[in-house]
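In: I would like to see how this sequence folds:
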Amino acid sequence: MDPAMLNQVRHLYEVERLSQRQVAEKLGISRKRVSRLLHPESLKKPFRETIFQSFERLVREWYREHPSLKATQVYERLRTYGFLGGYGTVKRHTRDLRKKQRRWFHELDFLPGEEAQVDWMQWSFPFGVLYGFVLILAYSRYLFARFYPRHSLEFFLEGHIEAFKEIEGMTHRLRYDNLRSVILQRNPETIYNAQFLDFARHYGFSIHPCTPGRANEKGRVERVIRDIKDFLRVTPCEDLREANRKLSLWRRERNRRIHRSTDKAPIEALKEERLKTLPQIHYQPYRVVQALISKTGFVALDTNRYSVPSSFSGSGCEILAYPDHIEICVKDRKIATHPRSFERKQKIEHPTHRERLLQITPHFKAKRIYELIKAMDKSVALFLQEAESDGQNPMEVAYDLFKLLTQSSKAMFLSAVREANGLKICKVRYLQSLLQPSRSREDHPVHPQNPHLLTITYPGRSLKDYDDLE
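Out: Okay, here's the model as predicted:
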């Protein structure tokens, strides 16, 4: 209630003897407001005990014991006491009790090389969701960030390795939130991820997990993630490569800009960091996944299926998931390697994995080889299409390609096929010339005009002759 307005209304009504309508017209306010100012007691509603009234004391005791109780939890508790009201009533009457208490924190200072803070961020692009690995040095504020298609352990380790390479060292301690890649369990005791512990031991840094619910302990990385999100809101990206390129340009500019807290550019303050030296042995970032090979010779990872030799069907195996490829092992023996796919429900199959199965089923052999070779790569499918349009039998061409594949690596084979497609030479003989170069050269390729030069001899000398030169 405005005291000045109240005094004006009372003066006009009680001293000037104007009516409520006249007072409202003179002051430019409504008659209802004039009436409320003159008769404030009319606003007070008569006391009426609500359905929540008899439970109020009990609820206040609960909040004294557990200040962080949610309205839903209070509602569930009250129902066991015979409360007949709804959730809205509980939410309305506990609003003041649920107000967040103000918190005060100490300002954290760090020594050069003491700590780096690490966290994941997530961002939805038009082409899909990407996960950003973010590492910031607590002293210099130097920032490293990179997007990955997943946020599983192998990409977490890859992010660390790339960050360490860029800053040419590492801090003595790294601070994390309660990430699954770092901590598996907090209560009743803290249990760390065994593979991440091995990674930390390899590089020689200590792990410092934040206290649950205390995000201020890693406020530097939380703040920079907010800045990255502000940048992404106005920056369109079409794929992962473009997102990383634009993020790299942005953070390079940020690392060269004077920081508001240190009055130094992070790239200059980085020179003051006392970083630990990186080990000479490179750490392989991978995640181990236990799997079962199906009867058709496939293993599943992230909804995609990868082939293995048919003779291992029905066996248990380990999938070593790297950021760019996967390795499939049975009893510590590597049986297959594939480039990793980040699409969904794809079938990645190597034709030679079905060689023994095709020998057992000869009636199915030609058709199956054709299907395997054609589905191997788009360049191979194009090669077969061009060969068929040239009058060649695609089944026979596919079988010849299959034989070439068994004699060379997949990468070399596909490279030769792409070169043949580019030159419009879709002939198996041309591929043979690339993959199996002719060895018809003579043992002595040197042919001088004077053949006596090949029989020149010279007398040997004793080592004592060289001693006399000293």
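In: Low-confidence stretches in the stretch 101-250 of the chain?
Out: In the predicted model of the stretch 101-250 of the chain, residues 101-107, 212-215 satisfy pLDDT under 70.
In: Next, residue 184: secondary structure please.
Out: strand (DSSP: H, G, I helix; E, B strand; the rest coil).
In: what residues are up against it?
Out: 191-193 (Cβ atoms under 8 Å, 6 or more residues apart in numbering). All C-beta spots, glycine's among them, are computed from the backbone N, C-alpha and C.
In: repeat that for 10 Å
Out: 178, 190-194, 196 (Cβ atoms under 10 Å, 6 or more residues apart in numbering).
In: Next: residue 23.
Out: Residue 23 touches 8-13, 16, 29, 31, 33-35, 37-38, counting by Cβ under 10 Å, 6+ apart.
In: Let me have those residues in CSV, extended by neighbour count and distance to residue 417.
Out: Shown next, in CSV, are those (neighbours: other Cβ atoms under 10 Å; distance: Cβ to Cβ, whole Å):
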residue, neighbour count, distance to residue 417
8, 16, 92
9, 24, 92
10, 13, 96
11, 12, 98
12, 19, 97
13, 17, 98
16, 10, 101
29, 15, 86
31, 14, 89
33, 15, 85
34, 24, 91
35, 16, 91
37, 21, 90
38, 15, 94
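In: Out of the residues you listed, which sit inside helices?
Out: Taking DSSP state H, the ones among the contacts of residue 23 that sit in helices are 8-10, 31, 33-35, 37-38.
In: any low-confidence regions in the stretch 351-470 of the chain?
Out: Checking the stretch 351-470 of the chain against pLDDT under 70 turns up 360-363, 437-447, 466-470.
In: Okay, helices next: where are they in it?
Out: 355-360, 365-376, 378-389, 394-406, 410-423, 428-435, 464-467 (DSSP state H, counting those that start in this stretch).
In: I'd like those written out as a markdown table, with mean neighbour count and distance to residue 111 added.
Out: What follows is those, written out as a markdown table (neighbours: other Cβ atoms under 10 Å; distance: least, Cβ to Cβ, whole Å):
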| stretch | mean neighbour count | distance to residue 111 |
| --- | --- | --- |
| helix 355-360 | 14 | 61 |
| helix 365-376 | 18 | 56 |
| helix 378-389 | 17 | 55 |
| helix 394-406 | 18 | 58 |
| helix 410-423 | 16 | 48 |
| helix 428-435 | 16 | 59 |
| helix 464-467 | 8 | 61 |
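In: Could you dump these into JSON lines with distance to residue 281 added?
Out: Converted to JSON lines, those look like this (distance: least, Cβ to Cβ, whole Å):
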{"stretch": "helix 355-360", "distance to residue 281": "37"}
{"stretch": "helix 365-376", "distance to residue 281": "36"}
{"stretch": "helix 378-389", "distance to residue 281": "37"}
{"stretch": "helix 394-406", "distance to residue 281": "35"}
{"stretch": "helix 410-423", "distance to residue 281": "26"}
{"stretch": "helix 428-435", "distance to residue 281": "35"}
{"stretch": "helix 464-467", "distance to residue 281": "43"}
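In: quick one: which of those helices is nearest residue 2?
Out: helix 378-389 (76.1 Å; Cβ to Cβ).
In: got the angle for that closest one vs helix 365-376?
Out: Helix 378-389 runs at 130 degrees relative to helix 365-376, counting by axes from the mean of the first three to the mean of the last three Cα atoms, to 10 degrees.
In: what's helix 378-389 packed up against?
Out: helix 365-376, helix 394-406, helix 410-423, helix 428-435 (3 or more Cβ pairs under 10 Å, 6 or more residues apart in numbering; DSSP states H and E).
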